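Trainee: Sharing a sequence plus its predicted fold:
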Amino acid sequence: MGKAPLYDESYLGNVKAWSEYYKAKVGFRNYWYAAAFSKEIADGDHLARTILGEDILFRRINGKVYAMKDRCIHRGIKLSDKVECHTDSTISCWWHGFTFRWSDGLVTDIVGAPESSHIGRAKIKVYPVEEAQGMLFVFIGDKDVEVPPLSEHLPPGFLDDNRILEGEVMVIEANWRMGPEGGIDEIHRYLHRTSRLLLDTKATMPLGHTGVTEQCKIFEDDGKPKGILDDYSSGNMYFEVDIDGQPSVVTGVRFADTGTKRKRTVSTSVWLPGVLSVEGFPEDGGVFYEFYVPVGENQYRNFMVLTQTCKTDEEASAFRSRYYSRWREYTVNDFLMQDNAARASAGQYYKNDKAWVEERLCREDFMLIEWRKLCSRNSKGVQTADHLD
Amino acid sequence: MGKAPLYDESYLGNVKAWSEYYKAKVGFRNYWYAAAFSKEIADGDHLARTILGEDILFRRINGKVYAMKDRCIHRGIKLSDKVECHTDSTISCWWHGFTFRWSDGLVTDIVGAPESSHIGRAKIKVYPVEEAQGMLFVFIGDKDVEVPPLSEHLPPGFLDDNRILEGEVMVIEANWRMGPEGGIDEIHRYLHRTSRLLLDTKATMPLGHTGVTEQCKIFEDDGKPKGILDDYSSGNMYFEVDIDGQPSVVTGVRFADTGTKRKRTVSTSVWLPGVLSVEGFPEDGGVFYEFYVPVGENQYRNFMVLTQTCKTDEEASAFRSRYYSRWREYTVNDFLMQDNAARASAGQYYKNDKAWVEERLCREDFMLIEWRKLCSRNSKGVQTADHLD
Amino acid sequence: MGKAPLYDESYLGNVKAWSEYYKAKVGFRNYWYAAAFSKEIADGDHLARTILGEDILFRRINGKVYAMKDRCIHRGIKLSDKVECHTDSTISCWWHGFTFRWSDGLVTDIVGAPESSHIGRAKIKVYPVEEAQGMLFVFIGDKDVEVPPLSEHLPPGFLDDNRILEGEVMVIEANWRMGPEGGIDEIHRYLHRTSRLLLDTKATMPLGHTGVTEQCKIFEDDGKPKGILDDYSSGNMYFEVDIDGQPSVVTGVRFADTGTKRKRTVSTSVWLPGVLSVEGFPEDGGVFYEFYVPVGENQYRNFMVLTQTCKTDEEASAFRSRYYSRWREYTVNDFLMQDNAARASAGQYYKNDKAWVEERLCREDFMLIEWRKLCSRNSKGVQTADHLD
Ligand code: FES
Ligand code: FES
Ligand code: FES
Ligand SMILES: [Fe+2]
Ligand SMILES: [Fe+2]
Ligand SMILES: [Fe+2]
């Protein structure tokens, strides 16, 4: 009664070192995922979203957000087509009135069949929800699994006090794995040499670094976030490249010293189940996060989140002001869109499972392989066809 | 040379009591189906329609309607792309001029190959057609099967003298089985509590009936229509329901007695191969019919037909007038659209064969199961991939 | 690791005499194919096109056209999404700067990884390109196959000196085999009886010829073009056909002798891998060519090319003038569109592999079968799922 796997099994032998990652086409199960920005659901409001192929209905009731499978257990219609909440604690399906309790999914009543034995017994799936830092997280997992604390599936520091967030969310037409792989990609600076962000920030952008191979830190202590951190500080930047013997045809971007000592981006890391963390980007002291959340096989939701640690309301307000006047245009809508365009184009290729076998990575791409292996070692299960709506 | 079945065979063991119904994803073969309202094809005109996945071309010639496979036997182009009828008795394919006789499908001539041995021998498939009560019916069946009288596949009484019809047809984006199952659904009154039809007719609409389980009449005499009739007259109406302990949160619609004794809807029944009959709806003495005709796997055509028995032309004219001024707006475009919306939403769920196994029916849904079993017992064959164009 | 075949294997036993043709759903490998009109790529310009399911990027550099796989070997993005050629000899992928030499595909540099061992070793696929008569041809073939001269895959005479070409290219929504089969179709004159070209040229168009069965010339000498030529000159034209006993209901087009002796179309032939040649069409002395080039399973590109042998510039200029003032309207946009409409309609039918078994050809269709057999005898390989992008 199980369905065919989502991936071509004939390639499994070629990806032995990271086969769980290869299988995780629609993501890893039993993890916390970013579901929405808090501001996307006002009190009394609802939001329907597909996450890891599961249709989920969120609703905020008296400040707290609940999440429920968006499919009636009776005859399968979508609760979100017509949301009917007759009490604060419940939602009733608009067809026959199966009524589910938000807190535990229990069928409390059935309008059309008040004597049914389903009442007080049958349940719809509900999802654990947490809200933190102005974002909403949902746990996508198996029935009897113990739900770990949210902090275990976030980059260290994300939950720090005084962290202020601003950002955007958009759907990218590519498999979710293009997300983290594009984020920790160490050799793609060439792509960004034309971004207007560089002019705005007077940021120096080399074409790359030499001598950075095999240097990364791996975090996989029990009960802590699992991630991998790029350590290229020791590499040598270069700004000119010859092409087919013609000297210095391609050049990076280097600004004259303006007298102000600017820090460089400090580090890039990526964490299970797919969260990027970049320190010092796009402004000193800030941390940029990107959450890559599978929608289905060939789509993921990308939360692009700029943060700054702000000790006072004035600092917070100044940061928000910088975000809307400056970073949103130059970072989100320009620099990051270059990455998203590359991911969408690569997504067309990796849609064909053969790509995972035929890609020709460089030694300098070692971070990608380390990430894939890390995921495979620490996987708590992958989404299969049976989980998808 | 056979194709894969249209359904997931791994679930057959779970639906043993009604496996033929489970298989009949594109309908049952060897039945008469509603094809069109008569007024849809004027004399000399044609109509191309897909019925049970078969592309069919209808043409009315001197009053009588003929039906032919809409695909040339020679090299497969659609006759309907360019209808060329050089005589009243034939149609010629627009590419090489294979000419088919409407009455029996015989190749009478080939314009481009007048000496071909196909002439007078080869045949295209033609379909039996009947016209009754202002509707056109076509028999979709196997080559050598004996064609039963039309009346055997219609609700009893539909062909009554003096029955006047008015109605509409539309395509619903759902598997056809959502049609009859939505029609005989005994516990979905909740859905209709907001229909403007109730205000217009001052019709009382309870939230449901209690104590109606296992009561239905089954008709399956040889040579007669096969159907199942809902008998809920003995049940007790209720108009209020508690939700999660809060009393009477949901209420039905009950009008004060207006002094005029209004009859309630008398009965609902559904008949093979998929025709609903509702007595007393939407007006006293009238019968409402709905014909659910598969188009393909995930579409069906819904003929919504209001009828009234009229002894005189004046009565007929008054009924037509009521239809256009009142019933079309309140019944077809309001009340019935609530059902169609639910069917379309459910169709998304039942598209996945797993739904037939995972649905959680109530005991009060026994009519659905009885209907599925009735169909399976009386099935004369199901449409397979090989039948589809 | 191989993928499932593109065709239904269960029908192979039914098409034994031409099984390679049946398999060649996306074309035959190891042939030269028309890729574009020369004028479609100006100097310094590029053109991205899918041919036989392979995504190819063309670029004209100092007059000469090169062709390369339009998919970076590194992580698979499309080079054509953002063409970056830093030198005349190379193209650099816009993500990490893998740089490929147009002439041989060698990785000469990698902007983001200048020390990579791929440099000077790894290669992208490049395609042989030839330009002739104002058209661009590309060889789609296996890695180590010897590339034959272009002339071997063109109709004899196409490369003649003084041949002047004018024409159009469009994508037809049908499998490519509809192309040649519609071109050598001997019994489809009926289709054209309403073309405005006949009025314009006062061309006589019979409904067909009788007595032409089994007459064709086959060319398959080693090292020469492989083709099949229609020889219907001996047949008897007819202009009237009875339908179902009614005399002369359908008539062809016959003009009174205008005093000028007009030659009839002299011959029609079709050549591997799918090129039609019609002598004397649409004007005396001219030759019409049609190139049918697979795009994918259900699309092909149709190059419709009118030619005339012109000894002087004045003659060439006069021919071009006739093309734009007359032939483009009456031939390309009228007469030939009738054929293309039929091919698109037939394409819907032949999309289902079963069609190749169920079609009911006439004896007069013998050319189609001879063509299929010729292709199967001379096939140098077919495109499989593994070749497709
Ligand atoms: S489908 Fe939801 S209550 Fe019936
Ligand atoms: S396809 Fe109809 S006559 Fe040839
Ligand atoms: S994908 Fe082209 S260089 Fe990386
Ligand atoms: Fe980037
Ligand atoms: Fe209803
Ligand atoms: Fe033609």
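Mentor: Nice, I can see it. Residues are numbered from 1 along each chain as shown, chains lettered A, B, ... in the order given. Ligands and ions are numbered 1, 2, ... in the order given.

Trainee: All the helices of the stretch 1-150 of chain A, in order from the start?
Mentor: Counting by DSSP state H, counting those that start in this stretch, the stretch 1-150 of chain A has helices at residues A:19-23.

Trainee: For it, list the residues in contact with ligand 1, please.
Mentor: Taking Cβ under 6 Å from any ligand atom as the criterion, the stretch 1-150 of chain A approaches ligand 1 at residues A:Cys72, A:His74, A:Arg75, A:Ile77, A:Cys93, A:Trp95, A:His96, A:Gly97, A:Phe98. All C-beta spots, glycine's among them, are computed from the backbone N, C-alpha and C.

Trainee: Arrange the residues you listed in TSV, one row each, with distance to C:Glu214 and neighbour count as further columns.
Mentor: Below are these laid out as TSV (distance: Cβ to Cβ, whole Å; neighbours: other Cβ atoms under 10 Å in any protein chain shown):
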residue	distance to C:Glu214	neighbour count
A:Cys72	67	26
A:His74	67	26
A:Arg75	63	28
A:Ile77	63	25
A:Cys93	69	29
A:Trp95	66	29
A:His96	69	28
A:Gly97	74	28
A:Phe98	71	31
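
Trainee: from the residues you listed, which are also near ligand 2?
Mentor: Among these, no residue lies close to ligand 2 (Cβ under 6 Å from any ligand atom).

Trainee: Those residues: which ones sit near chain B?
Mentor: Near chain B, judged by Cβ under 8 Å from any Cβ of the partner chain, the entries from these are A:His74, A:Arg75, A:Ile77, A:Trp95, A:His96, A:Gly97.

Trainee: Narrow the residues of the stretch 1-150 of chain A next to ligand 1 to those in strands?
Mentor: Taking DSSP state E, the ones among these that sit in strands are A:Phe98.

Trainee: Now flag whichever of the residues of the stretch 1-150 of chain A next to ligand 1 is closest to C:Cys310.
Mentor: Distance ranking of these against C:Cys310, using Cβ to Cβ, places A:Ile77 first at 70.2 Å.

Trainee: Now do the contacts for the nearest residue to that closest one once chain neighbours are set aside.
Mentor: Among residues not flanking A:Ile77 along the chain, B:Ser345 sits closest, at 3.9 Å (Cβ to Cβ, 6 or more residues apart in numbering or on different chains). By Cβ atoms under 8 Å, 6 or more residues apart in numbering or on different chains, the residues touching B:Ser345 are A:Gly76, A:Ile77, A:Lys78, A:Asp81, A:Trp95.

Trainee: do A:Thr268 as well
Mentor: Residues counted as contacts of A:Thr268 (Cβ under 8 Å, 6+ apart) are A:Gly183, A:Ile184, A:Leu229, A:Asp230, A:Leu276, A:Ser277, A:Val278, A:Glu279.

Trainee: longest helix anywhere in chain A?
Mentor: helix A:336-350 (DSSP state H).

Trainee: can you list the residues of the stretch 201-350 of chain A near chain C?
Mentor: Counting by Cβ under 8 Å from any Cβ, the stretch 201-350 of chain A sits next to chain C at A:207-208, A:210-211, A:238, A:241-246, A:249-250, A:341-342, A:345-346, A:348-350.

Trainee: Check the gap between A:Arg326 and ligand 1 for me.
Mentor: Counting by Cβ to the nearest ligand atom, to the nearest Å, the gap from A:Arg326 to ligand 1 is 49 Å.

Trainee: Can you check my assumption that that residue lies in a helix?
Mentor: Yes: applying DSSP: H, G, I helix; E, B strand; the rest coil, one finds A:Arg326 inside a helix.
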